[in-house]
Each structure stands twice: as C-alpha cells, then as structure tokens.
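**Q** Fold the following and give me the result.
(one chain, ligands or ions: 3)
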Amino acid sequence: MKILKFGGTSVGSVDSIRAVLEIVRKSQDSGEQPVIVLSAMAGITNLLTRLAADAAEGRDFTGGMEEIEARHFSVVKQLMAIKYQNPVFTRLKIYLNELDDLLQGVFNLRELSAQSRDLILSYGERCSTFLVSKIAEQYFPNVLFVDATQLIQTDSHFGSAHVYQALSEQRIWTYVAENPAKLLFVTGFIAANEKGRVTTLGRGGSDYTAALIGAAVGADAIEIWTDVDGMLTADPRIVKKAFSLPVLSYTEAMELSYFGAKVIYPPTMIPAFLKKIPIVIRNTFNPEFSGTMIQYDSGGTTFPIKGISSISEISVINLVGGGMIGRAGFSGRLFTLLAREQINVVLITQSSSEHSITFAVHPTEASRAKALIESEFELELHANKLVQPEIEENLSVLAIVGENMKQTPGISGKLFHSLGRNGINVRAIAQGSSEYNISVIISQSDLSKALNAVHDAFFAQLNKTLHVFNVGTGNIGSTLFRQIREQHGFLLDHNDIEIKIVGIGNSRKMLFNSDGIALGDWKEQLQQSGEEADLASFVSRMKLMNLPNCVFVDNTASEHPIRYYEEIFQSNISVVTCNKIANSGRFNQYKTLKETARKHGVDFFYETNVGAGLPIVRVLRDLMLSGDRIIRIEAILSGTISYIFNNFVGAASFYDVVKSAQQLGYTEPDPRDDLKGTDFMRKMLILARDAGYALEPENVQLDAILPDACVQATSVDDFYRELQAADDYFNALKAKAQQENKVLRYVGKLEAGQVNIALEMVGNDHPFFALSGSDNIISFTTERYSERPLVVKGPGAGAEVTAAGVFADLVNVGA
Ligand SMILES: NC(=O)c1ccc[n+]([C@@H]2O[C@H](COP(=O)([O-])OP(=O)(O)OC[C@H]3O[C@@H](n4cnc5c(N)ncnc54)[C@H](O)[C@@H]3O)[C@@H](O)[C@H]2O)c1
Ligand SMILES: N[C@@H](CCO)C(=O)O
Ligand code: NA
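**A** Ligands and ions are numbered 1, 2, ... in the order given. Predicted coordinates:
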C-alpha cells in the first residue's frame, strides 16, 4: 500500500486538482488502493491564521471569509457536474458557517486561545479534503472522506500537539482494515485530544499525518507530492545549477533540511524512518519525473557529497577566556542554560585549547542569549576569567552534507580550497562527529558566491561557469567574443564549461550583467545601454558583484588596467591578458604581480604575450617546473616584422608592406611599437624573466631596423611619411641580402642572462630561413634539449590566433 500526500499547491487550483486525480488513477492502476492525505488549499492556512488574529483584534474578517468561500466554490463549479454540486455546496456552507461563528466568538471576546486557533485552522483541511473527495467520487468508486480527528489522538499542546503514537496507529490500522475496498481521503495536519477537541500537528503537519498512516499500515512507500522536483543539491534560487537528488538517506535528508531545503520537515517523518518506509518526494506538476527517494541507506555515489545547504541569517556569539580551560562543567552550564531558555543553538565550535567557544544562533535570539550568559557567568566575568561575550552579525552558515564524506578523503580540502580561491573568509568551522556534515560560517555578503563556488567544486562534472570581466573590445577583444559565442555550445556539451561575459569595458563605455551579456549584439548593447567608461569603477563593480570563478581579461594595449592587477588578485580574481605591458615594465612589478596571484591562489595567464597563440610561455614554464635549465633561446617574435621581411619582395615598397601588416591586424595599435623593436623587446624580456633572470627593459640590447628619422617621428602619420621617404634605405638592405642569397631576419637571443635583438641576414642553411606570413619561431636549447633544440613555429600575430590564445588561457583558469 502507498500513502499519497498532496501539499497545498497540489490542491490549490482546478488544474492541480485534475493532476492529483490523474496521479491517484495511475496509482490505482498499479493494483493497490492508495490512502490519500491532503493539505488545505494553498494560502488558506495563512489566511485563516490572519483572520483569527483580525477577529481577536476586533478587525473585520468578512472579506477573508468571502475569499475562502469563493475559492472553494469556484472549484466545485469547474470540476463537478451540476447535478452533484448542490449537496457539496450545502456541506461546505455548513463548514463555513461554523467557521464564521467561531471567528465571531473570537471577535466578541477579543480573545484567541491556542485551542480556538487550532479549531479555526482545521477548516482549511476539512474543506479541501471534503471537496476533493467529492470531485473524486465522480471518477472513482468507494470514495470515503475521513476527518483525521477520528483517527489521530494527541495531548492538549495546541498548535503543535504531541501524538499518542501507539494508540493512533492502532486506530488507523483498524479503520483501514475495516474499510478495505475504500479509497480514503484523509485530512492532513489535524487531530484531536482525549476530549475530542481539535488539535494541530505543527510545522509539516500533513507530512506527519502521512507518516503516521504509513507507519500504521506498514506502507511500501509514502509519496509526498509537492511543486518541486524533489530535494535539490542546493537552494535553486541562489544556485541556478542545483539539481534534484535521486536518492538520499534519512540522515542526509535530515541534515539537508535542517539548513534550508524546505521540501519536507524531517522530524515529521520519524514514524516512517523507524519502520524503514521509503519517502518519495514527487512533483505534481511534473509527474513523469521520478523525484527524490529518501530511504534507509545513502544509495550509490556519483558525487562525494549529496548537497549544500545554508542558513542565510545567523549570529555568532564568542566566549573567550582563560576561565574555561580545563573546566569540565563550563560548556555544560552554557548549553544547559541555552536549552532551558529554548534558544536553539545551530552550530558550536570549540578551540582545542579550550580557550574559546563559538556558537551560532538565530539573529532574533542573539541578544537574549548574550544577556543570559552575562547573568549566568556574572562571577566569572567579574573575575576576568571570561571576556564579555560578543555578538557578530550578518553571517551565514553553509554546510556540505553527505554520508559518503567519511569514506572520501579530501572533501574538506576541496571545500576550503574553493572558498579560499574565491576570497571567502571562513569565520568558524564545525564538523559533526557523525561526519555527515561540515559547516562553515561566512559573511552573509559572500553566501551566494560561496554556494555557487562550492557547488561548482563538488558537482564540477556538471558544468563550471566562468564569470568574465573583459576590458578592450578592439581587434582582439571583439574576435574573442565571436569565438566564445561560436564555441559556447561545444564547451558546454563536451567540457561542461560555461563562459559568461558579465562585464565589458573599453575606453568609452562599460556594461554589466551578472546573468551574462548576450554576445550576438554586445556592440549595440554597449553602445545603447553602456555607462561612461571608468576603469576604477569597472574594477569596483567587478568586486561588488562578488561572483564565483571570476576572471578579469585585459585585451587593451594600455597601461591603465595594469594598475589594478594587484588589487584584482587581492580580490581573488584571476587575470588573463594579452597586454604585454604588465610583465615588461619594471622587474619589481612583474615579481609583485606573480607573487600576489600566487598568494591569493588565483591564475595569472599571459600566453599571448609571446608569439600570440603559439604555446611558448607555457612550454617555458613547463621546462622550468620540471627542473630543466635554459642554456639559450633564439627567436623571431615579431609577427609584424616577420611578415614584412617575408613580403618585402618584388615591386612592393617597404611602406606598402608595413601598411598591409597593419591592415591584417598583426601590428600593435601603434605600429611604431613593432618597428622600433619595443614589442619584440617586451617579449624577450618576459621570456628572460620567466627563465629566471631579473632583467630590466634597459638590459635588453636592441638593434634598430629603422633609420633615425623614422624612429624620431612623433606621430603615426609622421612615421608613415618618414617610412615612405626611407624607401631607398630599405631597398638597399633588401638588395644586399639578395646578393648574398640571404633573407633579412630580426632575431632575439637570450644566453647567460644577456638579451639582444639584432637584424641579421641568414642563408638557406639557417633554421630561421624558411618562414612565411607572420611566422614566429623560437628554439629552446636547454640542459635536456642540448643536442637538438625544442622548436615552436607558426603564425605569431593576428586577431584569430591571438584571441584563440586568450580563449585557451581562459578555459584553463582554475583547472
Ligand atoms: N594583434 C596581435 O596579433 C596581438 C598578439 C598578441 C597580443 N596582442 C595584444 O592585444 C592587445 C589589444 O590589441 P588590439 O589590436 O585588439 O588593440 P585595439 O586598439 O584594436 O583595441 C584596444 C581596445 O582597448 C580599449 N582600451 C584602451 N585603453 C583602455 C583603457 N584605459 N580602459 C579600457 N579600455 C581601453 C580600446 O577602447 C579598445 O577597445 C594589445 O595589448 C596587443 O599587444 C595583439
Ligand atoms: N604586434 C605583435 C602582435 C603579436 O604579439 C607582433 O607583430 O608580433
Ligand atoms: Na604564446
């Protein structure tokens, strides 16, 4: 036998009642008669509570009564054939008249006892259950409406009565046995005391009714039908990626719902737990979905934890003092005091030095707890054995839950790593000795970020989201956006990575959207809804949004963003940059940035600083990490100059070739940076530093390839004019090389901590002879690659390959 319990939303509307009857029919089809337990229609219990309070205050309650009548009557009209309606109206009317009389009595006396309130509330379940049973009669034979006050007996603790379980189960069992062929519709939530006075079962009361009936008849399962797909891995309002759990143990369900997940209230399930009856959470509005099964054991493990729960508002009280050390009775006194005064302690931690105890309570109880402590420990406080207790507010608890945690090492490491990486400060930690839960107390403003980060960390197979703030939307930035848009589906399907661009800025405008800016028309959005650009506020907005797995991407050629890198790392945000300025300024800056990133456990990736998308920075880093030593690096690392020498043939003038390099997107925004060698110098400097040399820019010996007049040009236009004028100079260079059957190459060398870049003519026996397009080439001669060097070669400039390199850095963040 199965017990089907339907909550308020399931009986709240015509459509949902239809869905309920369909579920009952399917259950009958499987061969056995279920018992059905119903709550009041959604919103009615709250309304009744309010009307009772209104009446007690002498306020008018007729409007509310009309609403209750209208909601029930409209269901009758829509779901019952006219010929059956009248007796149902009559009976509902009788209920409502009784209710009206009760409220009138409360109104007259201006007094509402707990007993009257229970009686008033009971009409919610009576009306809904009677009504639905009558609708059901049209489709099912042998329907019987059961008022649970006949079955469940309690003490007289009105509002949250204690059930006489043995007696109640006996009565239920007898009743069911005496009505074997009947389809029972039982009111949830309500019961009666020895004198037959109506009582209610408190929070989660209808679930309790279902559990009692299930336990009494030894049901195969108790199905709790609600409006969500089961118990989820986390609060779906905060964690969009939360998903429904197929199986949970009773303990896990307890732990998860203790903090948060309000699908069921586990204490009400105890009668079922004790008899090992599975409880299944199902969605009335998605009946095909199998929901969550709560059973005796935890079930198989896909993930090391089951879920993450949280309490968003909590206060913490710290008790510190030498007087506690070695005093066995101390914590006993403290917690007995709090228990006696009915202050619920959510979490406790004590340092092993016994010098301090920290515990968490609901914020509304914090000052009462503090006052109680102050009076209980007055002597100790006076004698300075104890420091005045302090309340810390605006805190939250986050807890990871799962029975398999204790068999899996590294769980707490993962938890703290993901919190630390995202810059979330942990105020206190508690691990239940059961090891079913590890709880941390964090600042309330970090809760959303923490829940998402921890969810990603434990359920990573299910897709990691990177939140990207990008400055620079020129050649590289806009190409990157296009690539991300094109690759979005693939990344999600094959690598479970989602990249959300949540901030875009350039030198004119900036735009933010924490749900992600649609990349199809980012330009228009930025243009139309962007705010005026301001890097300082871009960075502070990024920090304020406080998103998990956050990356700052610098696609500018400006030194301004660089000034914020350190602050960004300090906020536990990673940086990906194709801007070479950060790493090629003063050595001290390079060092500080690297150290700050490392200290805060975030990534600083700049693969495209050298050779665009070609793997060069990464290769050098791997060589160094694996203990190899660089003997020599020889390289061509200016894509622009490589292109120029490869195309400065035939009739084309030097000027023409430079122009076309710029048009092809190989040059820096200011092409003089390339032709003066500055760009190449920066790359060699970065490589030398990554190879372990503390060099400054002026240590790089740089040969010019331009005549002086070009170097001295003060504007780009001037520069191009001077280039045109220097035609003879370049032609002479070219002719000389041709005479010797050689080609012009601008080659950088690093050896023994010395860097130089020089214009060379190389013959066809030289490895750097055969290059085309914007090719870069780099050869690493190392202790391990000493006979023949390790060589990387390929296109070293251009928007596609550069954006691709930035993209690759991005997907590696946090990997
Ligand atoms: N072109 C290549 O092949 C290549 C290869 C590797 C690295 N890079 C690097 O890529 C970077 C970008 O090059 P690009 O060709 O896309 O440049 P670009 O001139 O096309 O775009 C630069 C962008 O940065 C923005 N910007 C400039 N100053 C800013 C500031 N202070 N705040 C916010 N935004 C600012 C501009 O508005 C523009 O959107 C450069 O650092 C370059 O060295 C380029
Ligand atoms: N302007 C650069 C782009 C790649 O860093 C070059 O020509 O090499
Ligand atoms: Na590279």
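
**Q** quick one: contacts of whichever strand or helix holds V806?
**A** Assigned by DSSP states H and E, V806 belongs to helix 799-812. For helix 799-812, contacts defined as Cβ atoms under 8 Å, 6 or more residues apart in numbering pick out 466, 468, 475-477, 479-480, 482-484, 487, 491, 495, 497, 499, 551, 553, 555, 576, 578, 603, 605-608, 612-614, 665, 794-795. In this view, the C-beta of every residue, glycine as well, is placed from N, C-alpha and C.

**Q** same thing but at 6 Å, please
**A** For helix 799-812, the surrounding residues in contact (Cβ atoms under 6 Å, 6 or more residues apart in numbering) are 475-476, 479-480, 483, 497, 576, 578, 605, 607-608, 612-613, 665, 795.

**Q** Quickly check: it near ligand 1 or not.
**A** Yes. Helix 799-812 lies within reach of ligand 1 by Cβ under 6 Å from any ligand atom, at T802.

**Q** which residues touch F289?
**A** Taking Cβ under 6 Å, 6+ apart, one finds 229, 283 in contact with F289.

**Q** Count residues in the vicinity of the spatially closest residue to F243 that is not a sequence neighbour, would you?
**A** Closest residue to F243 apart from its sequence neighbours, by Cβ to Cβ, 6 or more residues apart in numbering: T233 at 5.6 Å. Residues near T233, counting by other Cβ atoms under 10 Å, number 25.

**Q** got the residues of the stretch 601-750 of the chain near ligand 3?
**A** The stretch 601-750 of the chain comes close to ligand 3 at residues 607, 610-611, 614, 616, as judged by Cβ under 5 Å from the ion.

**Q** Most neighbours among those residues, which one?
**A** In terms of neighbours by other Cβ under 10 Å, those top out with G611 at 31 neighbours.

**Q** so that one makes contact with P795?
**A** No. Counting by Cβ atoms under 6 Å, P795 is not a contact partner of G611; they are 9.0 Å apart.

**Q** List just the nearest of the contacts of helix 799-812 to ligand 3.
**A** For the contacts of helix 799-812, the closest approach to ligand 3 (Cβ to the ion) belongs to E607, at 4.4 Å.

**Q** related to what we said a few turns ago, lowest-confidence one in the contacts of helix 799-812?
**A** Across these, no position has a lower pLDDT than I497, which has 84.

**Q** That residue bridge partners, please.
**A** Under DSSP bridges, the beta-bridge partners of I497 are K464.

**Q** ok, it - contacts?
**A** 464, 491, 811.

**Q** Report the spatially nearest residue to whichever residue of the stretch 301-450 of the chain sits closest to ligand 3, omitting neighbours in sequence.
**A** When scored by Cβ to the ion, the stretch 301-450 of the chain has R421 as its residue closest to ligand 3, at 25.1 Å. Sequence neighbours aside, G601 is the residue nearest to R421 in space, at 4.8 Å (criterion: Cβ to Cβ, 6+ apart).

**Q** which residue does the stretch 301-450 of the chain bring closest to ligand 2?
**A** Nearest residue of the stretch 301-450 of the chain to ligand 2: R421, at 29.8 Å (Cβ to the nearest ligand atom).

**Q** measure that residue to S439 for me?
**A** According to Cβ to Cβ, to the nearest Å, R421 stands 19 Å off from S439.

**Q** Between these two, tell me which one has more neighbours.
**A** Neighbour tally, R421 and S439, criterion other Cβ under 10 Å: the higher count belongs to S439, 24 against 19.

**Q** who touches that one in this structure?
**A** Residues near S439 by Cβ under 6 Å, 6+ apart: 347, 397, 399, 430.

**Q** Let's see if you can find the most crowded of the residues you listed.
**A** Among these, A399 has the most neighbours (other Cβ under 10 Å), with 27 neighbours.

**Q** hang on, the earlier thing: neighbour-wise, give me the winner out of the contacts of I497.
**A** K464 (24 neighbours).

**Q** What pLDDT is listed against that one?
**A** pLDDT, K464: 76.

**Q** How about S353?
**A** Looking at S353, its pLDDT reads 62.

**Q** Tell me the helix or strand right after the strand ranked longest in the chain.
**A** Longest strand of the chain, by residue count under DSSP state E: strand 307-320. Downstream of strand 307-320, the first helix or strand assigned by DSSP H and E is helix 329-340.

**Q** so that following helix versus strand 307-320, what angle?
**A** Counting by axes from the mean of the first three to the mean of the last three Cα atoms, to 10 degrees, helix 329-340 points 120 degrees away from the direction of strand 307-320.

**Q** so what does helix 329-340 touch, helix or strand wise?
**A** Here helix 329-340 touches no other helix or strand, going by 3 or more Cβ pairs under 6 Å, 6 or more residues apart in numbering; DSSP states H and E.

**Q** Summarise which helices and strands whichever helix or strand comes after that helix is packed against.
**A** Using DSSP H and E, the helix or strand that follows helix 329-340 towards the C-terminus is strand 345-350. Judged by 3+ Cβ pairs under 6 Å, 6+ apart, strand 345-350 is in contact with strand 356-361, strand 426-431.

**Q** ranking those strands by burial, who's on top?
**A** strand 356-361 (a mean of 21; mean count of other Cβ atoms under 10 Å).

**Q** by contact count, what packs against the lengthiest helix in the chain?
**A** Ordering each helix of the chain by length in residues (DSSP state H) puts helix 82-109 first. Packing contacts for helix 82-109, counted by 3+ Cβ pairs under 6 Å, 6+ apart, involve helix 44-56, helix 62-79, helix 114-137.

**Q** hey, C-alpha coordinates of the shortest one in CSV?
**A** In other words, helix 44-56. What follows is helix 44-56 as a C-alpha-only set of coordinates in CSV (Å, rounded to 0.1, in the frame of the first residue of the first chain):
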residue,chain,number,x,y,z
ILE,A,44,-5.8,29.1,3.1
THR,A,45,-4.0,28.2,6.3
ASN,A,46,-2.2,31.6,6.2
LEU,A,47,-5.4,33.3,5.5
LEU,A,48,-7.2,31.6,8.4
THR,A,49,-4.3,32.5,10.8
ARG,A,50,-4.7,36.1,9.7
LEU,A,51,-8.5,36.1,10.1
ALA,A,52,-8.2,34.7,13.6
ALA,A,53,-5.8,37.4,14.5
ASP,A,54,-8.0,40.0,12.9
ALA,A,55,-11.0,38.8,14.8
ALA,A,56,-9.1,38.8,18.1
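
**Q** what's the angle between it and helix 62-79?
**A** Here helix 44-56 runs at an angle of 150 degrees relative to helix 62-79 (the same axes, to 10 degrees).

**Q** Tell me the helices and strands packed up against helix 44-56.
**A** Counting by 3+ Cβ pairs under 6 Å, 6+ apart, helix 44-56 packs on helix 82-109, helix 114-137.

**Q** now the longest one and helix 114-137, what's the angle there?
**A** What that stands for is helix 82-109. Interaxial angle, helix 82-109 versus helix 114-137 (the same axes, to 10 degrees): 170 degrees.

**Q** Buried residues, helix 82-109. List them.
**A** Residues 88, 91-92, 95-96, 99-100, 102-103, 106-107 are the ones in helix 82-109 that count as buried (16 or more other Cβ atoms under 10 Å).

**Q** Mind putting those into TSV with distance to L372?
**A** Converted to TSV, the buried residues of helix 82-109 look like this (distance: Cβ to Cβ, whole Å):
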residue	distance to L372
V88	54
R91	52
L92	49
Y95	45
L96	46
L99	41
D100	44
L102	39
L103	39
V106	35
F107	38
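
**Q** can you name the two of the residues you listed that are farthest apart?
**A** Spatial extent of the buried residues of helix 82-109 (Cβ to Cβ) is set by the pair V88 and F107 at 28.1 Å.
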